[in-house]
Structures are given as C-alpha cells and as structure tokens.
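S.K.: Just the structure for this:
(chains A and B)
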Amino acid sequence: MVLTLAFGMLTVAVFLAFIRLVRGPSLPDRVVALDLLASLSIGWIAIYAIATNQSIFLDVALVLALLAFLGTVGFAYYIAKGAMPWRQT
Amino acid sequence: MAANVSEFLALIGELLALIGTFFMLVAALGVLRLPDVFTRMHSSTKSATLGIGCVMLSAAFHFRDLGTVTQALAIIFFVFITAPVAAHLLGRAAYLSGVPLWEGTLSDELRGRYDEITHELTGYLSIPLPEERR
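M.R.: The predicted structure is shown next:
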C-alpha cells in the first residue's frame, strides 16, 4: 500500500518533469529537467529495490547517480562554450 | 520484543519512503511551475536531493544489513557532494549564456561586473555602487 503510493507519486513527478523537458524554452531548462529525471530514476530504483526485496538494485542507483552528474557537467560545459540562439541582445 | 523493534524499524522505513517521494513530487512540481531557470534549478537540486536522501534511508531501514546500509549511506554522500557542484556549474553556464531572468528578480549582483570575452570579474570597489546603495 505504502509502496504503491510511493510509486504513484514518483510516476506523477516523472510526468511533470517530462512536460518541462518538452516545453522548456531554453536549453538549460531542458538540462535541469533531465537532471531531475535522473534523480527521480534513482529514487524509483530504490523504491523498486524495496518492493522486490533485492538490495542489488542499489548498485544501479549508484552508477546512475554518477552518470547523471557526468552528463550534467558535460551539458554545462557545452552551454557555457557553445552557440546561444536564445540570447536576446 | 525483537519482533516489535523490527516492525518499528520497518514502519520508519515506509514513512521515510513516503516523505522522500513526496519531496520528489514537490521538486517536479517546482520544476514545472516556477518562472525561471534559476528558481527551477533551486527546486530541482534541493528538494530532489532531500528526496533521494530520505528514500535511501528508507532502503537502509528496510534491508538492515551492513553492506546495504553502507551502500545507501555512500549514495547519499555522493549525491550530497555532487548535486550542488552540478547545479553551480549549470547555473553559471545558464547565466553566462544569457538566459533571461524572471521579471520579478530583485537583485543581480553580477550585472556589469563580468567581462564575457575575457572572463574577468571586475573588482567590487572599482565600479561605483548604484545610486540607491551609496
């Protein structure tokens, strides 16, 4: 029951973050949404590990946290260096 | 007695799972509803990090063996170290690339003090303060 409620809230959260990922007016908005989606996936994997009683899934959460950090750093690097079509001036 | 303690720890674990997923839902709501990249970023970073911490503590309370608890604490430590770094890098990149601020923004201390070509920060005292702050 509790885990069903947790899964439901995580599903709604992933849906809301995905709306921002599609709609986001600039590239940093989309990167923020992607970072949040990675965080939500980590939480999802932890809840899934509890639900299936398999603690081995927490390894996946650790690797996903590392990859999400690397991806965000890479996106930030290329945003700071690259072309900026949304710049107003 | 031992069964009571076990049930109590399981109850704490379920409560922490609910609290963590609730904070993640709040983070996603903030990312959808807030008006600005930077406000969205504050929602995503702080609230989702707290949510991950609560959910990992919930997993630790559920499994209750040494390896899993250590791993959950390691994930919490890693996320608490890397999330502010990633948010700072992304916020700096977004500011430098000229993403518009929210129109209700009260202060922008970096405006006019950063050379975008040479990436040099002008000293605090070399630029005269605005009229209302002298």
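S.K.: alpha carbons only for contacts and neighbour counts from here, please
M.R.: OK.
S.K.: Tell me where chain B has helices.
M.R.: B:2-33, B:37-42, B:48-63, B:66-96 (DSSP state H).
S.K.: among these, which is the most enclosed?
M.R.: With neighbours defined as mean count of other Cα atoms under 10 Å in any protein chain shown, the helices of chain B peak in mean count at helix B:48-63, which reaches a mean of 26.
S.K.: Could you check how far that one is from the centre of its chain?
M.R.: Relative to the chain's own centre, helix B:48-63 is displaced by 16 Å; criterion: Cα atoms, centre = their mean, to the nearest Å.
S.K.: Grab the nearest non-local neighbour of residue 76.
M.R.: In the absence of a named chain, this looks at chain A. residue B:90 (4.9 Å; Cα to Cα, 6 or more residues apart in numbering or on different chains).
S.K.: that answer is for a different chain, and I need it for chain B
M.R.: Closest to residue B:76 by Cα to Cα, 6+ apart is residue B:53, at 5.5 Å.
S.K.: Report pLDDT for that neighbour.
M.R.: The per-residue pLDDT reported for residue B:53 equals 95.
S.K.: With residue A:1 instead?
M.R.: Reading off the model, residue A:1 has pLDDT 85.
S.K.: before we move on, the earlier item: residue A:30 is in contact with the residue nearest to residue A:76, correct?
M.R.: No - taking contacts as Cα atoms under 8 Å, residue B:90 lies outside contact range of residue A:30: 11.2 Å.
S.K.: list the contacts for residue 24?
M.R.: Here I'm looking at chain A. Applying Cα atoms under 8 Å, 6 or more residues apart in numbering or on different chains to residue A:24 gives the contacts residue A:30.
S.K.: ah, I was thinking of chain B
M.R.: By Cα under 8 Å, 6+ apart, the neighbours of residue B:24 are A:10, A:13, A:40, B:47-48, B:51-52.
S.K.: Now with 7 Å, please.
M.R.: Contacts of residue B:24 were listed using Cα atoms under 7 Å, 6 or more residues apart in numbering or on different chains, and they are A:13, A:40, B:47-48, B:51.
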